[in-house]
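Chemist: Return a 3D structure for these sequence lines:
(one chain, ligands or ions: 1)
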Amino acid sequence: MSRVIGALYRLLYDGVLCRLPEPTAVALGQTALRLLPWDRLAVFRLDDPRLAVTLGGVRLPNPLILAAMYYDPRIIMRAMGLGFGAVTTKSITVEPRPGHPQPNLARVRTAAGPGLVNCNGFQNPGLERFRADLAHLPHRVPLIVSVAGESVGDYVTLVKALGPAADLVEFNISSPNTRLVYEWSRKPRELVALLRAVRAATDKPLVVKLSPDFADANEAEIIPAALEAGIRIVNYGNTRRVEDRRLSQGSGGLSTRPTRRTGCSARAQPPSATSPDSSRAARFWRARSSSSSAPTAKRAPTE
Ligand SMILES: Cc1cc2nc3c(=O)[nH]c(=O)nc-3n(C[C@H](O)[C@H](O)[C@H](O)COP(=O)(O)O)c2cc1C
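Modeler: Numbering: from 1, shown residues only. Coordinates of the predicted model:
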């Protein structure tokens, strides 16, 4: 059945959505997600117990996680009923952000297949409004709340405030569209303070979201420092920074199928690999990084 749904979606995408201007296609897809009760259709259920996994001690009905993109609670709620094992929210910032002006999304064709370049710039309602939106959201599957900041203080504030509403917390230090967020990977020493402060700010399982643009620093410094700080889960799946003159910022983050290994290997040893938790975490990121075709999450079918 999931093959049939996939084929139907492909038809819709190739026949209609990809012929519309990007903002129209996105608006159409998001409106359809908000208004139509797709999540009540039994065809989207994925309840086979053999697919269940645990992530940071949290049980997921399957390992397919919707990546960070949406903040509208109605879309998040629908996505939870579409067969994902967990749903990640858009990265939330302390203050509301309008995002970068349009054009901020462009389709591309890459050797690996179709893709998107975005310079969304963290359009989101900000911490207070989002916290209120989450208060009544049922967790049909685990909710991963994503946060992004430009200072250690921002991350600590966000994680403390939103952690209680989340099953896991992801902190994004890698989106290429906001200079100070992307810069974290260029300053691994300062990053150590951030990793420790975020770890101390919540007892929820933490995911650090990295950029494949900084493979060497990730492998040599950032992942070992994350493990050392007690952060056990790495999402290596953020977009790659590319130039694109069609976008208002002249550049953006490329989402597409990976074309090569993301750059991690088993060479870097986590510093405290002797503890059982550390060795489990080390195995996890090694296993993930040795797969050449495993994006961490998939988009919902909005565009
Ligand atoms: C329009 C758009 C907005 C995104 N917003 C975020 C975000 O707020 N935070 C984040 O960590 N990643 C964000 N991403 C990146 C995705 O979560 C994901 O990491 C990326 O698309 C690569 O995964 P994929 O190739 O499986 O789609 C965004 C991507 C797109 C296309």
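Chemist: burial count for Glu243?
Modeler: Using other Cβ atoms under 10 Å, Glu243 has 10 other residues around it. No exception for glycine: its C-beta is placed from N, CA and C like everyone else's.
Chemist: wait, isn't it in contact with Gly250?
Modeler: Yes - contact criterion Cβ atoms under 8 Å: Glu243 and Gly250 qualify, at 6.5 Å.
Chemist: List the residues that contact Ile76.
Modeler: Applying Cβ atoms under 8 Å, 6 or more residues apart in numbering, we find Ile76 in contact with 70, 87, 89, 137, 143.
Chemist: of all the residues you listed, which comes closest to Gly81?
Modeler: Val87 (9.8 Å; Cβ to Cβ).
Chemist: isn't there a helix covering that closest one?
Modeler: No - going by DSSP: H, G, I helix; E, B strand; the rest coil, the assignment for Val87 is strand, not a helix.
Chemist: Would you mind naming the residues that bridge with Asn118?
Modeler: Asn118 forms beta bridges with Leu105, Gly253, as assigned by DSSP bridges.
Chemist: Touching, it and Asn177? I think so.
Modeler: Yes - under the criterion of Cβ under 8 Å, Asn118 makes contact with Asn177 at 7.2 Å.
Chemist: got any residues that touch both of the two?
Modeler: 252-253.
Chemist: who has more neighbours, the two?
Modeler: Per other Cβ under 10 Å, whichever of Asn118 and Asn177 has more neighbours is Asn118, with 24 against 21.
Chemist: Distance of the more buried one relative to Val192?
Modeler: 30 Å (Cβ to Cβ, to the nearest Å).
Chemist: And for Ser151?
Modeler: Taken as Cβ to Cβ, the span from Ser151 to Val192 is 15 Å.
Chemist: So which of the two has more stuff around it?
Modeler: Val192 (16 against 12).
Chemist: hang on, that one in a helix?
Modeler: Yes - Val192: assigned to a helix according to three-state DSSP.
Chemist: helix or strand for the nearest residue to it once chain neighbours are set aside, which one?
Modeler: Distances taken as Cβ to Cβ, 6 or more residues apart in numbering place Ala225 nearest to Val192, at 5.0 Å, with adjacent residues excluded. Element membership for Ala225, per DSSP states H and E: helix 223-229.
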